[in-house]
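Engineer: The amino acid sequence is not available; the structure is as follows:
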């Protein structure tokens, strides 16, 4: 029973200028730079003519924080006007990637865009972590498990930031051997003959066949499935470890 008044106190403190109930004949938003007032109004739980009180006042601030557009939100009453002051998070002006060799910059940027990470997006630290996670995913797929990312965020004018990412790829994981377990009707040699993933021979420096890639392994597993299906084996399962 002690938790309730404590929570209520926190909610009231979230909007100290809105402690008393009143009818908001108008709503004024201050501090906007890139984001339009219309966007803010779309997220507000109240509109002009609504009563603002201790129950819905915290929701005004909470609804704007949840958009991720703002790093600070304040609200207070001026007569019959609800005033909302915001501090916008910066926007990503540009993303520069250097040091990549095995994957083209265009492909890395496409992966970021497909993950919803692109220039023009609102920037916060969690977004930066997602950018690094997506880049690592792409390099891991190419067997670059030792990849190191150095990220620098530079503030720019008009509340924007530039993100520079320097990549040190490290060495590609090499395949020492491929083992197939559970095959009875066909030998390892028959099954592995069509594999692209295989230990390197004396021309491995040129063919790069011993370089591990998740995509290449996925293709090999599909080849293995097709091998069995083409020979009438309908009930079988392929597992990769």
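Structural biologist: Thanks, I have it. Everything numeric here is computed off the predicted structure, so don't read it as measured data.
Engineer: which one in this protein is furthest away from the centre?
Structural biologist: What lies farthest from the middle of the chain is residue 185; by Cα atoms, centre = their mean that is 45.2 Å.
Engineer: any idea how far it is from residue 174?
Structural biologist: 30 Å (Cβ to Cβ, to the nearest Å). Placement of C-beta: from N, CA and C, glycine included.
Engineer: mind checking the SS state of residue 222?
Structural biologist: Judged by DSSP: H, G, I helix; E, B strand; the rest coil, the three-state class of residue 222 is helix.
Engineer: Now do it: how many residues are near it, please.
Structural biologist: Neighbourhood size, residue 222 [other Cβ atoms under 10 Å]: 11.
Engineer: Would you map the helices across this protein?
Structural biologist: 3-14, 37-43, 57-65, 105-114, 125-141, 188-192, 204-207, 214-230 (DSSP state H).
Engineer: thought residue 130 was touching residue 115?
Structural biologist: Yes: contact criterion Cβ atoms under 8 Å: residue 130 and residue 115 qualify, at 6.8 Å.
Engineer: what residues are shared contacts of those two?
Structural biologist: Counting by Cβ atoms under 8 Å, 6 or more residues apart in numbering, no residue touches both residue 130 and residue 115.
Engineer: where does the chain have low pLDDT?
Structural biologist: Residues of the chain meeting the criterion pLDDT under 70: 1-19, 198, 200-210, 240-241.
Engineer: domains in it, as residue ranges please.
Structural biologist: When the chain is parsed with automatic domain parsing, its domains come out as 3-88, 91-168, 174-241.
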